[in-house]
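J.: take a look and give me a structure for this.
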Amino acid sequence: MLPFQLLGFFFVASKDEEEDPEHDHDLPLYKRGDLLEVPRTLFTHFGIYLGDDRVAHLIPDILPVFSKNKPAISKMVTNNRLLLGVVAKVASVRVDSVADFAYGSRILVNHMDGVCSEAPLDGEEVARRAEKLLGAVDYSLLWYNCEHYVMHCRYGTATSYQTHQFCTAVRKLVCSRTTSYWTALCGVGLSLYLGCATPLTVLSTLLVSFTIWMAA
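T.: As a prediction, this is how the structure comes out:
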């Protein structure tokens, strides 16, 4: 009888697993207020899920500069439109479908919960904040981008880890001893080549190099 009892056990376990809500594929993948992120071009793009297949996200877009055609503007923002919008500093918080937001990439859900020191707000409050900011915004790649937007909505703090990492990398590159050496050599060499090597120009070049050296 043991084999039949084991068979019955596995059958029941399998049936229970099928009825487990966590395994119900009809349930929505995302909850209202979830923070979604996808890799896009040179950076990670962020948005807030509002429910009903809608994502609010801050995205640069050059098209509104040249056209007032709302149907065209409302279509999925391509990478070219996005990158030119970054340069022109033209952006808005808009609502798109999950598919348009993802742009063919895999979506990561609430990954920032394990990164941010602040606890996430209630999902409804997150979505309410996201909806409140819909429309044109003052965009800055470093000081107010899509990550600042979602961090404000979900955690109440408008920060960007991507910006911090970028600035840190630039600082390491610019404020290095090697850079200070090359600044001094190039500055003095250019002054000699142009025939304007005076004590003042040489001193100015060395002062810049010394400042970089001390910041390194």
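J.: what separates the closest residue to Y144 other than its chain neighbours from S204, distance-wise?
T.: Leaving aside its chain neighbours, Y144 sits nearest to D138 (6.5 Å; criterion: C-beta to C-beta, 6 or more residues apart in numbering). (Each C-beta comes from the backbone N, C-alpha and C, glycine too.) In this view, D138 and S204 are 36 Å apart by C-beta to C-beta, to the nearest Å.
J.: ok, these two, which is more surrounded?
T.: When neighbours are counted by other C-beta atoms under 10 Å, S204 comes out ahead of the other of D138 and S204, with 13 against 8.
J.: where does the more buried one fall, helix, sheet strand or coil?
T.: Assigned with DSSP: H, G, I helix; E, B strand; the rest coil, S204 falls in the helix class.
J.: show me where the chain has strands.
T.: 35-40, 43-51, 54-60, 90-97, 108-109, 135-138 (DSSP state E).
J.: nearest to L83, out of the ones you listed?
T.: Closest to L83 of those, according to C-beta to C-beta: strand 54-60, at 7.8 Å.
J.: ok, the closest one: who's next to it in the sheet?
T.: Partners of strand 54-60 in the sheet, by DSSP bridges, are strand 43-51 (antiparallel), strand 90-97 (antiparallel).
J.: as a whole number, average confidence for the first one?
T.: Over the span of strand 43-51, the pLDDT mean works out to 95.
J.: show residues contacting it.
T.: By C-beta atoms under 8 Å, 6 or more residues apart in numbering, the residues outside strand 43-51 that reach it are 30-39, 55-59, 95, 98, 101, 103, 126-127, 130-131, 146-147, 149-150, 153-154, 162.
J.: one more time with 7 Å, if that's ok
T.: 30, 32-38, 55-57, 95, 101, 126-127, 130-131, 146-147, 150, 153-154, 162 (C-beta atoms under 7 Å, 6 or more residues apart in numbering).
J.: that one: which residues count as buried?
T.: 43-50 (16 or more other C-beta atoms under 10 Å).
J.: got it, and the shortest one?
T.: By neighbour count on 16+ other C-beta under 10 Å, the buried set for strand 90-97 is 90-96.
J.: quick one: the helices in the chain?
T.: With DSSP state H applied, the chain shows helices at 2-19, 63-66, 70-74, 79-88, 98-102, 123-132, 146-155, 161-174, 177-194, 199-215, listed in chain order.
J.: and the nearest residue to Y155 once chain neighbours are set aside, what does it touch?
T.: Closest residue to Y155 apart from its sequence neighbours, by C-beta to C-beta, 6+ apart: E118 at 4.1 Å. The contact partners of E118, taken as C-beta under 7 Å, 6+ apart, are 155-157.
J.: low-confidence regions, the protein specifically.
T.: 1-27, 163-177, 179-184, 187-188, 190-197, 200-202, 205-206, 208-216 (pLDDT under 70).
J.: mind redoing it with 80?
T.: In the predicted model of the chain, residues 1-28, 41-42, 161-216 satisfy pLDDT under 80.
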